[in-house]
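Undergrad: Fold the stuff below for me.
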Amino acid sequence: MRKLYFVTSNENKFKEASKILSNYDLHVYMRKLELIEKQSDDLTLIASSKARDAWKALRNDVIVEDDGLFIDALGGFPGPYSAFVYRTIGNEGVLKLMKDVTNRNATFLSVIAYCRRNFAPIIFKGAVKGKISKKLRGGSWGYDPIFIPNNSGGLTYAELKSEKNMVSHRRLALEHFAEWYTSV
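TA: Numbers count the residues shown, from 1 in each chain. Okay, the predicted model is just below:
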C-alpha cells in the first residue's frame, strides 16, 4: 500500500486519527508543514487547498483535516474560524457568548481532503449534532469540554474520554475516507 501522510501540526488530532485509521489496517505518518490556510466560509475549500499544497510539498499521498464547530444561535459561528476563536477567546469566551442563550444546538463538522498526485482532492465529511454545555466539563483539548454530542448520555466529548473516538465527527469522516481508500 502507498505511504500516506496526515499533514497537521496538532499532535492530539494526529493521535486520534491514527487510532481510528488503525482499525482499517492503515498506518498514517504525521507531517508538520506550514500551509497557508485559505480564508473562506467553506471548510471544503479550506481543506482542499491545504491538501493540494501538502501534496505539492511532499509529492506523496496526503490527507488533511479541517473541522469547525457551528453553533446555531451564533449563526454558525465560529465555523471555519474555530481554531482562531479557540486561540483567541477559548472555550470560556464561547461560553460567555452563550451565557443567556437557550438554543444551544451545534454541529461539529470534520472535512478530510485526500490528494494523490496533482489530482483534485477527494473530500470526506463527518458531522455530529449536539449542544453547547453551560460550563467546562472534563479536561481535554479544543472544544471537547463544551460540546455534548447527541446520544452521549449528556456527556461532553471530554467526559467521554477515549470513547469520543467512537462517536466523533472526525471518526465519521475518517471512516468514510478509510472505507474508500482501502477499496481502491
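
Undergrad: Can you tell me how far the spatially closest residue to Val62 that is not a sequence neighbour is from Asn151?
TA: Excluding its sequence neighbours, the residue lying closest to Val62 (CB to CB, 6 or more residues apart in numbering) is Ala54, at 4.3 Å. Every residue, glycine included, has its C-beta placed from N, CA and C. According to CB to CB, to the nearest Å, Ala54 and Asn151 sit 34 Å apart.

Undergrad: out of those two, which sits in the busier spot?
TA: Legend: neighbour count by other CB atoms under 10 Å for Ala54 and Asn151, higher for Ala54 (24 against 9).

Undergrad: wait, what's in contact with the more buried one?
TA: Contact partners of Ala54, counting by CB atoms under 8 Å, 6 or more residues apart in numbering, are 5, 7, 31, 33, 35, 62, 64, 115.

Undergrad: Now the fifth one. Its backbone dihedrals?
TA: Phi and psi for Leu35, reported as degrees, to the nearest 10, are phi -100, psi 140.

Undergrad: Longest helix in this structure, by number of residues?
TA: helix 43-58 (DSSP state H).

Undergrad: Please export the alpha-carbon coordinates of the helix or strand just after it; PDB is fine.
TA: As assigned by DSSP states H and E, the chain's next helix or strand after helix 43-58 is strand 61-71. Presented in PDB, the C-alpha positions along strand 61-71 are these (Å, rounded to 0.1, in the frame of the first residue of the first chain):
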ATOM      1  CA  ASP A  61      -0.400  10.800  -0.800                       C
ATOM      2  CA  VAL A  62      -1.700  13.100   1.800                       C
ATOM      3  CA  ILE A  63      -4.800  13.800   3.900                       C
ATOM      4  CA  VAL A  64      -5.600  17.000   5.800                       C
ATOM      5  CA  GLU A  65      -8.400  17.600   8.100                       C
ATOM      6  CA  ASP A  66     -10.200  20.800   8.900                       C
ATOM      7  CA  ASP A  67     -13.100  21.000  11.300                       C
ATOM      8  CA  GLY A  68     -15.400  23.500  12.800                       C
ATOM      9  CA  LEU A  69     -17.900  24.000  15.500                       C
ATOM     10  CA  PHE A  70     -21.100  25.500  14.100                       C
ATOM     11  CA  ILE A  71     -23.300  27.000  16.800                       C
END
